[in-house]
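# sequence and predicted structure are below.
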Amino acid sequence: MTADPADPAVSAAIRQMRRTVAELHAELVSNGLVVWTSGNVSARVPGTDLLVIKPSGVSYADLTAESMVVCDLTAARVAGELAPSSDTASHAYIYRHMPQVGGVVHTHSRYATAWAARGEPIPCVLTAMADEFGGDIPVGPFAPIGGEEIGRAVVTTLSGHRSSAVLLRSHGVFTVGAAPRDAVKAAVMCEDVAATVHLAVSRGELTPLAQDQIDALYRRYQTEYGQRP
Ligand SMILES: O=C(CO)[C@@H](O)[C@H](O)COP(=O)(O)O
């Protein structure tokens, strides 16, 4: 649906998402996933063809709800004073092609990006990986920054995959989630398992979990774990 930001319901939804996205950027910092101004979080404004994303190149300490930028799904800015993230067109591409996705995160978190630098998927050798990612964390191709090529690489790599994270070759991590907080969680978990598997592989060969073990772990975590109504 084409949303009118002047519509009171749309404007309330945008206000809420600006707050959420600003708060989630602080989570990238507190979880040690970003340095300086690298990385970004976006959220789809539910029920609209709009997204909220951080402004480009602004210090995390200076990010506020008001400084967040609202764009449509062609990446055109519709509200906000500052230029949007350089990855906006790629986030928009992901929202256009993955209707189930409500949030997207990009980081250069250290261990996961080391796997991306090697162009190696992270093998599923941990229950935490089976739980969250349902298998290996895949690697996508290198793509130039600034247009929608990164988004296309993310969508292509994740299609037919359970993983909510992709390592972009020689670049970093993109994660997706039903809600923006889910995408942030996936980015945190991705870095955690990337570090652990890095330590493990440095001591010798790894044995991946069997597919039936992965399937059972994934099903339990996705359908039973935690508090359920
Ligand atoms: O690596 C990239 C570009 O893909 C980004 O993470 C930048 O490092 C941050 O860009 P802005 O979101 O500030 O434009």
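That came through fine. As the structure is a prediction and not an experimental result, all values here were calculated from the model.
# beta partners of residue 167?
residue 139, residue 173 (DSSP bridges).
# what about this structure, any weak spots by pLDDT?
For the chain, the stretches with pLDDT under 70 are 1-2.
# could you pull out the helices for it?
Assigned by DSSP state H, the chain shows helices spanning 8-30, 88-97, 110-118, 127-133, 149-158, 180-201, 211-223.
# show me which residues of this structure sit near the ligand.
37, 38, 39, 40, 54, 56, 57, 85, 86, 87, 106, 145 (CB under 6 Å from any ligand atom). In this view, the C-beta of every residue, glycine as well, is placed from N, C-alpha and C.
# give me the buried subset of the residues you listed.
37, 38, 39, 40, 54, 85, 87, 106 (16 or more other CB atoms under 10 Å).
# right, and the fifth one touches residue 85 too?
Yes: under the criterion of CB atoms under 8 Å, residue 54 makes contact with residue 85 at 5.4 Å.
# returning to what we had before: determine which two of the residues of the chain next to the ligand are furthest apart.
Farthest pair in the residues of the chain next to the ligand (CB to CB) is 54 and 145. Separation: 15.2 Å.
# what separation do you get for residue 69 and residue 40?
Distance from residue 69 to residue 40, counting by CB to CB, to the nearest Å: 10 Å.
# who touches both of these two?
53, 54, 85 (CB atoms under 8 Å, 6 or more residues apart in numbering).
# contact partners for the second one?
Counting by CB under 8 Å, 6+ apart, residue 54 touches 21, 25, 40, 41, 42, 63, 67, 68, 69, 84, 85.
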